[in-house]
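How does the following fold in three dimensions:
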Amino acid sequence: MTRLVFAETASVSEDPDERHVQLLLMRGHLMRLLEAVVPVNANEPPLEDDRLVIRVRALLDEEIPGDAVRAASLHRRMSEVGQELLAVLPAVDASDDVVNGWGRTVCAGFDSTRIREAIRAAKSWEQAGVYPHPHTLAAVTRALSGYVTTLVPYVSIHMESLSAGSRGWSACGEAIECSQEARDVAPGEGLKAAREHAYRLAVHTEALLRYAEQDCERDGE
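From the prediction side, this is the model:
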């Protein structure tokens, strides 16, 4: 499946919604491939050209454009670097199964316990009507924002296992969209508004985490 995503014959959809999901899926596969070629052990020699890694990370940092022409350009560039990463993998005997295995390592790499701790803290403050120290609130909010960014690609990959247009597929897409909106919106003035903002982030992060873990469980079967 990974190789098909980056095939030269792959094309970007003309439908704006399908195109957005398609690019999210491609971004998720790129993240998996990048983790597969960058050693987990810092003492191991790199398996990739540093310039390639820089190019991939730059593409992963780009916002998905709504404009069809710019979206097609991003799709083409991600396809090109994806093919280059796949070309590196055979040197370490990495088939699609190994890529999927690395994907599970990445999933195992995000700390579900730590994410849940941040979720629990933000939700408890709002539900109990208490105000944490502003520095603590700011730190948890930053962490939750980062978790949204981290989890979205894995949820996008989970969508790939679902039937397009199905209820589950639509729910995944909605979870991604709502979480990104919650992350990007600026909180209102005051401690109460900041607490409410953290609570909304916690709710959406929790939804993403459930989908991301489902993808890990499915890969582990």
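
ranges for the helices of the protein?
2-5, 16-37, 50-61, 68-88, 96-109, 112-128, 134-160, 167-184, 191-220 (DSSP state H).

Just name the shakiest helix or strand of this protein by mean pLDDT.
Sorted by mean pLDDT, DSSP states H and E, the helices and strands of the chain end with helix 96-109, the least confident at a mean of 38.

Which pLDDT value belongs to residue 19?
Residue 19 carries a pLDDT score of 79 in this model.

The spatially closest residue to it that is not a sequence neighbour and residue 72, how far apart?
In space, and not counting its chain neighbours, residue 19 is closest to residue 13: 4.5 Å by C-beta to C-beta, 6 or more residues apart in numbering. Backbone N, C-alpha and C define where each C-beta goes, glycine included. Per C-beta to C-beta, to the nearest Å, residue 13 is found 10 Å from residue 72.

Equivalent analysis for residue 188, please.
38 Å.

again with residue 32
Counting by C-beta to C-beta, the gap from residue 32 to residue 72 is 23 Å.

of those two, who's got more company?
Neighbour count, other C-beta atoms under 10 Å: between residue 32 and residue 72, residue 32 has more, with 22 against 17.

per-residue pLDDT, the spatially most central residue of the chain?
Taking C-alpha atoms, centre = their mean, the centroid of the chain lies closest to residue 153, which sits 2.3 Å from it. At residue 153, the predicted lDDT confidence score is 83.

Cheers, nothing more for now.
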